[in-house]
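*Asks:* Dropping a prediction and its sequence here:
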Amino acid sequence: MCNRYAVAQYNHNVEVLAPKLAEYDQHYNGMFSQMIESGHEDYHPHARLGFKPFDMYCEIRNAKTIANEGLIIHLWATIEQHVKQAIILKDKSQTGLPHEWDKILGCARRAGINLRRLSSFKIIDEIRVVNNKIKHLYIVDQKLCKYKGFAQHKDKKMSAVDYRVHEYAIGAHHFMNRVISSMGPTVRY
């Protein structure tokens, strides 16, 4: 819900500010759009001090990035938590589940849940990798470049990426639905 509000506010603000920023950008020979497209934020502080519309644009963009990254982290935490709960419900002998995803996949398989066979597994694995990069590296590396929308941002900060949060949310919903369905009709979750 917070993400939806932040993105709606972002979209509204961009509609209002976009014409002003475009006008400023044109007046200064594309300086602002070049800075944004480069993904290198080293020059932003100086431009933000001197140009109020650019400063407002950066603030709004930062708010959107924070909301989207929070959503991605939350989606992954929810997926991991519910997968572990499903494993325990299906196989009560499995306790002290690991934190490493590959080991969790093995535990799920032993419990009779083959997560890799679910059609939404690839997007879930992408959410996992993006979550880890947001929390630990915050740079688009080679591993992220294999996913849609990341290659053009290689070696840049994660904040340069326009995350596909809508696809991630739908993928997470589908994945959890399939995990719960795979548990069978007698298990109440």
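*Replies:* The structure has been received and is ready for your questions.
*Asks:* When you work out contacts or count neighbours from here on, use the C-alpha atoms and nothing else.
*Replies:* Noted.
*Asks:* Could you list the low-confidence segments of this protein?
*Replies:* Applying pLDDT under 70 to the chain flags residues 1-3, 6-7, 10, 185-189.
*Asks:* Now the residue nearest to the spatial centre of the chain: which helix or strand?
*Replies:* Nearest residue to the geometric centre of the chain (CA atoms, centre = their mean): Ile72, 3.8 Å. Ile72 belongs to helix 52-90 when assigned by DSSP states H and E.
*Asks:* one step back: ok, now which ones touch the closest residue in space to the residue nearest to the centre of the chain that isn't next to it in sequence?
*Replies:* Distances taken as CA to CA, 6 or more residues apart in numbering place Asn131 nearest to Ile72, at 6.1 Å, with adjacent residues excluded. Asn131 sits next to Glu69, Ile72, Ile73, Trp76 when contact means CA atoms under 8 Å, 6 or more residues apart in numbering.
*Asks:* Could you measure from Asn131 over to Tyr168?
*Replies:* 11 Å (CA to CA, to the nearest Å).
*Asks:* which residues do those two both contact?
*Replies:* Joint contacts of Asn131 and Tyr168 (CA under 8 Å, 6+ apart) are Ile72.
*Asks:* Which residues belonging to stretch 141-153 are considered buried?
*Replies:* Asp141, Leu144, Phe150, Ala151, His153 (16 or more other CA atoms under 10 Å).
*Asks:* Extract the C-alpha set from that stretch and format it as PDB.
*Replies:* What follows is stretch 141-153, C-alpha atoms only, in PDB (Å, rounded to 0.1, in the frame of the first residue of the first chain):
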ATOM      1  CA  ASP A 141      26.900  -6.200 -11.500                       C
ATOM      2  CA  GLN A 142      27.200  -9.000 -14.100                       C
ATOM      3  CA  LYS A 143      24.800 -11.300 -12.300                       C
ATOM      4  CA  LEU A 144      22.000  -8.700 -12.400                       C
ATOM      5  CA  CYS A 145      22.700  -7.900 -16.100                       C
ATOM      6  CA  LYS A 146      21.200 -11.200 -17.200                       C
ATOM      7  CA  TYR A 147      17.700  -9.900 -16.100                       C
ATOM      8  CA  LYS A 148      15.500  -7.600 -18.100                       C
ATOM      9  CA  GLY A 149      16.200  -3.900 -17.600                       C
ATOM     10  CA  PHE A 150      19.600  -4.200 -15.900                       C
ATOM     11  CA  ALA A 151      22.200  -4.500 -18.600                       C
ATOM     12  CA  GLN A 152      22.200  -0.800 -19.600                       C
ATOM     13  CA  HIS A 153      23.000   0.100 -16.000                       C
END
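*Asks:* For it, which outside residues touch it?
*Replies:* Gly39, Glu126, Val129, Val130, Val140, Lys154, Asp155, Ala160, Val161, Asp162, Tyr163.
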